[in-house]
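*Asks:* structure here, sequence nowhere to be found:
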């Protein structure tokens, strides 16, 4: 199955612009801790998780029961192998003259007499890369962008028994992050350490980029018209006629893998309205336990006739247990008040009653002049 949302759905908008990386990740990545004594390990893990790209996949209940594979196209940015992520063919670069290697420009705006506002904005000459290269030395592969686009197809294997919102991870598949080592100048204020800082920059520029995050596919289950899932169990509704409920039934359920299950009652068994029955080992496969399955629960609804003829009533009375009779004299029955019942939709009745009570409550809150009580 191709990606229904297109390649843009797999791109991480955070990667645009090249910003957002912890400047000390380069040390944490290669040396295991921060050179400045802080607990950088948790910071880099948190930063790397922020680079993950989450992509939903809609799957059917049949997919989760039988297992399936889905192919999705991916377009991502990777480090240019020809320029080694340095923009130029020769690998040479110099500090951007427009921003002096800071990546930011400062503009001054006059607000009024003796009032000015100083604002910072990204350098439009180096596009926040802080570097400048000779146009003739520009890498023809990445056009000086340090990254190139790679098209790739990922095959996502959905194993049987997986749950909805299950995550399937492809490590290192999103856009690769470019390490801008020059940011160390911002944190090194000591003039005497300038040579040391320069050597750090030269060293780090020769290293590979920080690892990319992960692509995480999250399974979203579509509703099934017949089966409902609860954990490892399946539920299905079945409506029986009154004759089937009293005299026995036999029907077929087509399972999620196409098998035909014969469901039948025992001789003399009576099914009650709203009753549940279970079939062992016909539920969902249990994830990573291929020989175990949950249960299939059948919820029975009994369809009753709207009315019976006098002849039908007499025939039923002949085979059914006797009716409950009221042992009262004719005089006692005569003194009782006779009532008449009618059909009612209880949900609609309660909804209408609630609305009436709400209106009465609002009227009680009104003052004589029509205003509300404080």
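*Replies:* On my side now, so go ahead. Only a predicted model underlies this, so the values are computations on that prediction, with no experimental measurement involved.

*Asks:* what's the longest helix in this structure?
*Replies:* Secondary structure of the chain per DSSP state H: the longest helix is helix 346-364.

*Asks:* report all helices and strands that that one contacts.
*Replies:* Applying 3 or more CB pairs under 8 Å, 6 or more residues apart in numbering; DSSP states H and E, we find helix 346-364 packed against no helix or strand. C-betas here are computed from N, CA, C, even on glycine.

*Asks:* contacts only, for residue 249.
*Replies:* 240, 263, 264, 265, 271 (CB atoms under 8 Å, 6 or more residues apart in numbering).

*Asks:* over to residue 125?
*Replies:* By CB under 8 Å, 6+ apart, the contact list for residue 125 reads 96, 97, 98, 99, 132.

*Asks:* and it, which helix or strand is it part of?
*Replies:* Of the helices and strands defined by DSSP states H and E, none includes residue 125.

*Asks:* help me confirm that residue 244 is found in a helix?
*Replies:* Yes: under DSSP: H, G, I helix; E, B strand; the rest coil, residue 244 sits within a helix.

*Asks:* let's have the chain start at 42 instead
*Replies:* Happy to do that; since the first residue is 42 now, the last one works out to residue 285.

*Asks:* could you report the pLDDT at the closest residue in space to it that isn't next to it in sequence?
*Replies:* Nearest residue to residue 285, sequence neighbours excluded (CB to CB, 6 or more residues apart in numbering): residue 312, at 7.4 Å. With respect to pLDDT, residue 312 has a value of 93.

*Asks:* residue 312 and residue 207, how far apart?
*Replies:* The spacing between residue 312 and residue 207, counted by CB to CB, to the nearest Å, is 36 Å.

*Asks:* also residue 101?
*Replies:* Residue 101 is 14 Å from residue 207, by CB to CB.

*Asks:* who has more neighbours, the two?
*Replies:* Neighbour count, other CB atoms under 10 Å: between residue 101 and residue 207, residue 207 has more, with 18 against 14.

*Asks:* so the more buried one sits against residue 259, correct?
*Replies:* Yes: applying CB atoms under 8 Å, one finds residue 207 in contact with residue 259, separated by 7.5 Å.

*Asks:* only the buried subset of the contacts of residue 166, as a PyMOL command please.
*Replies:* To isolate in PyMOL the members of these that are buried, counting by 16 or more other CB atoms under 10 Å, one can use:
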select buried, resi 137+140+173
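
*Asks:* would you list every one of the helices in the stretch 242-391 of the chain?
*Replies:* Per DSSP state H, counting those that start in this stretch, the stretch 242-391 of the chain carries helices over the ranges 283-288, 351-360, 371-376, 387-405.

*Asks:* buried residues in the last one, which are they?
*Replies:* Read it as helix 387-405. Buried, per 16+ other CB under 10 Å, within helix 387-405: nothing.

*Asks:* equivalent analysis for the second one, please.
*Replies:* In terms of neighbour count (16+ other CB under 10 Å), helix 351-360 has no buried residues at all.

*Asks:* check what contacts that helix and list those residues.
*Replies:* Applying CB under 8 Å, 6+ apart, the set of residues contacting helix 351-360 is 349, 364.

*Asks:* where does pLDDT dip in the stretch 292-415 of the chain?
*Replies:* 401-415 (pLDDT under 70).

*Asks:* show me where it has strands.
*Replies:* Along the stretch 292-415 of the chain, counting by DSSP state E, counting those that start in this stretch, strands occupy 301-305, 317-320, 326-327, 330-334, 337-344.

*Asks:* mean neighbour count for the ones you listed - can I get that in a markdown table?
*Replies:* Formatted as a markdown table, the strands of the stretch 292-415 of the chain follow (neighbours: other CB atoms under 10 Å):
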| stretch | mean neighbour count |
| --- | --- |
| strand 301-305 | 11 |
| strand 317-320 | 12 |
| strand 326-327 | 18 |
| strand 330-334 | 12 |
| strand 337-344 | 17 |
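
*Asks:* what's the closest of those strands to residue 163?
*Replies:* Nearest of the strands of the stretch 292-415 of the chain to residue 163, taken as CB to CB: strand 326-327 at 53.0 Å.

*Asks:* beta-bridge partners for residue 158, please?
*Replies:* Counting by DSSP bridges, residue 158 is bridged to residue 150.

*Asks:* what about it, how many neighbours?
*Replies:* Residue 158, neighbours per other CB under 10 Å, totals 10.

*Asks:* and the gap between residue 286 and residue 349?
*Replies:* 15 Å.

*Asks:* domain assignment for this protein?
*Replies:* 48-122+188-262, 269-360 (automatic domain parsing).
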